[in-house]
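*Asks:* What follows is a predicted protein model with its sequence.
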Amino acid sequence: MKSEGILSFGSRIDPRFKVMVIYKDSIFYETVKRSLEDLDNSIGAIMPGKGIIVIDGERVEEEGLSDNHLLAIEAHEIAHERLGHDGERNVEHEREADELAIKILIALNRKEAASLLKDREETLQ
Ligand SMILES: [Zn+2]
């Protein structure tokens, strides 16, 4: 459901998590954008312990990301949480999160989303 520049829905990976796709017309957009830029210009992030995944909606549109891309981002961010990564991100954490996310997606039979993570270089962090 999109309201005031935010599309929010329960995660398809784990319903305890909420996904919020934030667009420019949201009053939170600039704050979210700056936080994501501080995370190596990531397209999404998880608020540790809060169960909320935020995704830059403008980049979703600009980059023409599909629903499978969104699922891949959800799985990756949930993997960070399950691995206990909080705050600082580094190459090792990103690799671990991708590896777990791929397992999660394959277990859910979402092979297309899993293969996006296998293929990705640096667009999804
Ligand atoms: Zn990450």
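*Replies:* Great, that's in hand.

*Asks:* most centrally placed residue in this structure?
*Replies:* Closest to where the C-alpha atoms of the chain average out (CA atoms, centre = their mean) is residue 73, at 3.3 Å.

*Asks:* Which parts of the chain are helices?
*Replies:* According to DSSP state H, the chain carries its helices in the segments 29-38, 57-62, 67-82, 91-107, 111-119.

*Asks:* name the helices or strands packed onto the second one?
*Replies:* Pointing back at helix 57-62 there. strand 18-22 (3 or more CB pairs under 8 Å, 6 or more residues apart in numbering; DSSP states H and E). (Each C-beta comes from the backbone N, C-alpha and C, glycine too.)

*Asks:* now the strand it packs on against helix 67-82, angle please.
*Replies:* 120 degrees (axes from the mean of the first three to the mean of the last three CA atoms, to 10 degrees).

*Asks:* Show me where this structure dips below the pLDDT cut-off.
*Replies:* Within the chain, the stretches with pLDDT under 70 are 121-125.
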